[in-house]
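J.: have a look at this prediction, sequence included:
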Amino acid sequence: TVDSSNDLENRVDHGCISDDDCGKGRYCLHDPHNAKCLPCKALDMSCTKDAECCGEQLCVWGQCSQNATKGEAGSTCQYQTDCSPDLCCAFHNVLLFPVCSAKPIERERCFGASNHLTELLSWGPQDEGPRKYCPCAGDLHCQDLGGSMCLKGEDSSEEDLADTLYSEIDYIL
């Protein structure tokens, strides 16, 4: 007799809780109504997590990629520690899921810890999840000018702040 249970299992998408429930070459897709196992995705296919990609590929900038390194720019993340030290785990406004992103440079938007209650209540750097904006690069400081922006020094001159504010207004208009 021929055992067709393996063939049946390969064709039927059974329920799952985690990717481990799906076996090699498959991942667990969670949607609002159920969860099911699906085949892994090939090179350059769209993805939202590493487990969706086949073999040793990683999900980078929303595509299954070869020769990628976990923690590099564009790789998926859930915690700050998932990213290289010079990067930050933040939600990408186009991809709609968190990726390791470059820290903002001067006059770019940032995440100022002193301005956000949720940051003050966090358990610690190792437990920090994805952010909306990253902290500033280097010795820049995130300053609130009606919207947080990276600027040199915490005590920038009033003239520097005015110039920055006007350049922001010009950018908006």
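T.: Everything's here; your move.

J.: which residues touch residue 64?
T.: Residues in contact with residue 64 (C-beta atoms under 8 Å, 6 or more residues apart in numbering) are 41-45, 47, 52-54, 57-58. Bear in mind the C-beta positions are built from the backbone N, C-alpha and C, glycine included.

J.: what is the neighbour count of the closest residue to residue 46 other than its chain neighbours?
T.: Distances taken as C-beta to C-beta, 6 or more residues apart in numbering place residue 62 nearest to residue 46, at 5.7 Å, with adjacent residues excluded. Look at residue 62: counted by other C-beta atoms under 10 Å, it has 18 neighbours.

J.: could you do residue 72 as well?
T.: Neighbours of residue 72 (other C-beta under 10 Å): 15.

J.: residue 103 reaches residue 133, doesn't it?
T.: No - counting by C-beta atoms under 8 Å, residue 103 sits too far from residue 133 to count as a contact (9.7 Å).

J.: distance check, residue 143 against residue 90.
T.: Plainly put, residue 143 is 19 Å away from residue 90 if you go by C-beta to C-beta, to the nearest Å.

J.: for residue 23, that is, sorry about that
T.: 33 Å.

J.: what does residue 142 give?
T.: 13 Å.

J.: neighbour count winner among residue 23 and residue 90?
T.: Using other C-beta under 10 Å as the criterion, residue 23 and residue 90 rank with residue 90 on top: 23 against 13.
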